[in-house]
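Asks: Below is the sequence, then the predicted model.
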Amino acid sequence: MSINQKSSNFYQLDSQILKQIEEIPYLGVTLPEDLKFSPYIRNSTKNAKSTLGFLKRNLKHCPKSCKKTAYLAHVRSTLEYSAVVWDPHLLKDIDQL
């Protein structure tokens, strides 16, 4: 993967041209070639909403402190994971989070 505006770069290894890819997963974050993280944010919020629904269904009779701990551990940590890398600057991404 080449992160630049020119997409005509070819890389070789032992005289064999390497296949060009558009995105690569790295430490749980999908790094796209164009560095637009909207798909990653959309996927993270989808997973967080799913987890939140699971916690709501299964912890409805638990004390508030237990619910808060579960939320911070499972939902918020999903949304904040590697936020330094994909820090949203588009209003639609901020609203989605």
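Replies: That came through fine. Numbering: from 1, shown residues only.

Asks: So what's the residue count around residue 75?
Replies: 19 (other CB atoms under 10 Å). Glycine gets a C-beta too; all of them are placed from N, C-alpha and C.

Asks: cool, and the one 4 residues further on?
Replies: When neighbours are counted by other CB under 10 Å, residue 79 registers 15.

Asks: name the element it belongs to?
Replies: helix 77-80 (DSSP states H and E).

Asks: quick one: contacts of the next helix or strand after that helix?
Replies: Going down the chain from helix 77-80, the next helix or strand is helix 83-86, by DSSP H and E. Residues outside helix 83-86 that contact it (CB atoms under 8 Å, 6 or more residues apart in numbering): 29, 31, 37, 40, 41.

Asks: Among the residues you listed, name the ones in strands.
Replies: Taking DSSP state E as the definition of strands, the contacts of helix 83-86 contribute 29, 31.

Asks: Now do the strands in this structure.
Replies: Under DSSP E, the chain gives strands at 12-13, 16-17, 23-26, 29-32.

Asks: Residue 91 is nearest to which of these?
Replies: strand 29-32 (19.3 Å; CB to CB).
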